[in-house]
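[1] Pasted the sequence and its predicted model underneath.
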Amino acid sequence: MITAEHLTKRFGAKTAVDDVSFTVQPGKVTGFLGPNGAGKSTTMRMIVGLDRPTAGAVTVNGSRYAAMRAPLREVGVLLDAKAVHTGRTARNHLRAMAATHGIPSRRVDEVIELAGIASVARKRAGKFSLGMGQRLGIAAALLGDPQTLILDEPVNGLDPEGVRWVRQFVRRAAGEGRTVLLSSHLMSEMSQTADRVIVLGRGKVLADAPLDELVRSWTVATTRVRSPRVAEVVSLVAGSSVTVTATAPDTVEISGVPAARVGDLAAEHGIPLHELTPTTGSLEDAYLALTEQSVEYASADYPTGDIS
């Protein structure tokens, strides 16, 4: 379990993390989301003792990371896959790490196989591609068979097979009762992986909830209706809480009334429906709604028009 209590970090006049409190429970994958500059990396660095909090505290299973006698055996961390001795082979890099904690060489071989880097284990890490570097970083995080995993953008640079492997691995780790904190900018991947989501914006917690609950709270469910008598359907469902948007002459998007109710009303009045499709919002929709006012580095619209 990871517990942050009133965690604050200032760099001079800038407050990167502002009175943040949360708990990452074992047995679940907790997604850690936020725009660039939101404070995610700083928070993760404070968890593992790389940055000292200005105020507040954070512990892993009740202990500060710096006080752990064998941190590799308790917490597996991937914050920067490039943080390796570039002149060492992947195997020797992992062996050096293992030696600091009395981890046997057979475990090095196990994580090399697990991370899928056996074919390049004798190559210098400095020559690795981005994806292979990520796999080496994941292997290092797994070296001590820890009960807690903190992974910052673990699928960065991975091919589709590697992305699926990370997803399956973290789900399996949570299923074994481990604590998993996972950061990613890939909303589609996070929606398939996370059980719970913590969203930061400008250093503050904007949301901390189960993924499905967060999506329900921050998106709007709609029903697509296509019918030759669509105007009659619209009149039947009309109400102060109902919103109707026409998308084609015979098609509308309706929010504020369940799809089943729309279908029942149409059936009662003998109105043929050629389509009745309920749709729900996505994690990306919820995330964008949550962070709309918390984006520090916003992009401008792409310019259009005559440039001659």
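    That came through fine. Residues are numbered from 1 along each chain as shown.

[2] Helices of the chain, start to end?
    Secondary structure of the chain (DSSP state H): helices at 40-47, 71-74, 90-99, 105-114, 130-142, 160-175, 187-193, 211-218, 230-237, 259-268, 283-291.

[3] for Tyr121, phi and psi?
    That one is not Tyr; residue 121 is Ala. Dihedral angles of Ala121 (phi, psi; degrees, to the nearest 10) stand at phi -60, psi -30.

[4] swap that for Pro258, please
    Dihedral angles of Pro258 (phi, psi; degrees, to the nearest 10) stand at phi -60, psi 150.

[5] Pull the number of nearby residues for it.
    Pro258 is flanked by 12 other residues according to other C-beta atoms under 10 Å. Glycine gets a C-beta too; all of them are placed from N, C-alpha and C.

[6] and what of Arg216?
    For Arg216, the tally of surrounding residues (other C-beta under 10 Å) stands at 15.

[7] now Arg122
    For Arg122, using other C-beta under 10 Å, the count is 10.

[8] same question, the one 4 residues further on
    Residue neighbour count, defined by other C-beta under 10 Å, stands at 13 for Gly126.

[9] low pLDDT regions in the stretch 201-308 of the chain?
    The stretch 201-308 of the chain contains residues with pLDDT under 70 at 294-308.

[10] one more time with 90, if that's ok
    Applying pLDDT under 90 to the stretch 201-308 of the chain flags residues 216-217, 219-221, 240-241, 279-282, 290-308.

[11] Val20: which of the helices of the chain is closest?
    If you check each of the helices of the chain against Val20 by C-beta to C-beta, helix 40-47 wins as the nearest, at 6.4 Å.

[12] just how off-centre is that closest one within its chain?
    For helix 40-47, the separation from the chain centroid amounts to 15 Å (computed by C-alpha atoms, centre = their mean, to the nearest Å).

[13] Could you save the helices of the chain as JSON lines and add columns showing distance to Thr59?
    Shown next, in JSON lines, are those (distance: least, C-beta to C-beta, whole Å):
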{"stretch": "helix 40-47", "distance to Thr59": "9"}
{"stretch": "helix 71-74", "distance to Thr59": "11"}
{"stretch": "helix 90-99", "distance to Thr59": "23"}
{"stretch": "helix 105-114", "distance to Thr59": "26"}
{"stretch": "helix 130-142", "distance to Thr59": "19"}
{"stretch": "helix 160-175", "distance to Thr59": "20"}
{"stretch": "helix 187-193", "distance to Thr59": "25"}
{"stretch": "helix 211-218", "distance to Thr59": "25"}
{"stretch": "helix 230-237", "distance to Thr59": "52"}
{"stretch": "helix 259-268", "distance to Thr59": "46"}
{"stretch": "helix 283-291", "distance to Thr59": "27"}
